[in-house]
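1. when you get a sec, could you give me coordinates for this:
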Amino acid sequence: AEQLPFDRPYHTRLFSGFVQPLQSFYAKWLTSDGDLPVYCCSTAAPMPANIEVARRIAVNQWIEPVRFTETIERMYADGYRVFVEAGPRGNLSAFISDILRGRPHAAIPADLPHRRGSVQIVHALAAHPLVLAHAPRQDLALLAARYDAVLGGVLDTQLMAAFAVLGDQLGLAALAAELL
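-> Below is the predicted model:
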């Protein structure tokens, strides 16, 4: 057994005493149904459309066990093949690849210690044939515009090079030229 460096018992009933502030947080921020399905790792299912039930599940996920494997299996069964991790350091992407070993999928870490997220996501997208096969040109142009806006209107050299690689791998020389 290994002692984990946490001072609170997350994902156990012992955390029940800490959920009161989370209830008001979710009441403030979860105000309507989302545009995309969101899966919850405590239920291994998409969040329900009923916002009150979704809030209750969001709070309860802090005191319920994490059902990560079941959630990934459910998402795969529901047709998802591309998984983009927004943290931490690519660990979950590795878990996803272990879970889905031998089945077509792309597990893409967007946050690595040696490369900032905006650059990493483009490199990661360019490296996955499954993503490349399903990435319409207009989506890539929107992605480029989004990152340009996030970076204050200036695509830095490293990010521009990453988009150029992505454009080359898709056979979209025009996209690469537009970004350079």
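2. what about Leu100, neighbour count?
-> 18 (other CB atoms under 10 Å). Yep, even glycine has a C-beta here, placed from its N, CA and C like the rest.
3. which non-adjacent residue is nearest it?
-> Leaving out its chain neighbours, the residue that sits closest to Leu100 by CB to CB, 6 or more residues apart in numbering is Tyr76, at 6.2 Å.
4. between the two ends of stretch 76-94, what distance do you get?
-> One end of stretch 76-94 to the other measures 16 Å (CA to CA, to the nearest Å).
5. buried residues in that stretch?
-> Within stretch 76-94, the residues that count as buried by 16 or more other CB atoms under 10 Å are Tyr76, Arg81, Phe83, Glu85, Gly90, Leu92, Ser93.
6. return the subset of those residues lying in helices.
-> Applying DSSP state H to the buried residues of stretch 76-94, the entries found in helices are Tyr76, Leu92, Ser93.
7. nearest to Asp35 among these?
-> Nearest to Asp35, judged by CB to CB, of those is Tyr76 at 21.7 Å.
8. closest to Gly17 out of the ones in helices among the buried residues of stretch 76-94?
-> Of all those, Leu92 has the smallest distance to Gly17: 27.4 Å, by CB to CB.
9. next up, the contacts around the residue lying closest to the closest one once chain neighbours are set aside.
-> Spatial nearest neighbour of Leu92, excluding adjacent residues (CB to CB, 6+ apart): Glu85 at 4.8 Å. The contact partners of Glu85, by CB atoms under 8 Å, 6 or more residues apart in numbering, come to Leu92, Ser93, Ile96, Ala107, Ile108, Pro109, Ala110, Asp111.
10. swap the cut-off to 10 Å and go again
-> For Glu85, the contact set (CB atoms under 10 Å, 6 or more residues apart in numbering) comprises 91-96, 107-112, 121, 124.
11. would you map the helices across the protein?
-> Counting by DSSP H, the chain has these helices, from start to end: 20-29, 51-60, 68-77, 91-99, 117-127, 129-133, 137-150, 157-169, 173-179.
12. weakest of these in terms of mean pLDDT?
-> Among these, helix 173-179 has the lowest mean pLDDT, at a mean of 41.
13. in contact with the spatially closest residue to Ile72 that is not a sequence neighbour, which residues?
-> Spatial nearest neighbour of Ile72, excluding adjacent residues (CB to CB, 6+ apart): Ile99 at 4.8 Å. If a contact means CB under 10 Å, 6+ apart, then Ile99 has Phe68, Thr69, Glu70, Thr71, Ile72, Glu73, Tyr76, Phe83, His105, Ala107 as its contacts.
14. and the buried ones among those residues, selectable in PyMOL?
-> With 16+ other CB under 10 Å as the criterion, this PyMOL line picks the buried residues out of the contacts of Ile99:
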select buried, resi 71+72+76+83+105+107
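15. which one among the contacts of Ile99 gets closest to Asn60?
-> Nearest member of the contacts of Ile99 to Asn60, counting by CB to CB, is Thr71, at 14.8 Å.
16. thanks again, I'm all set now.
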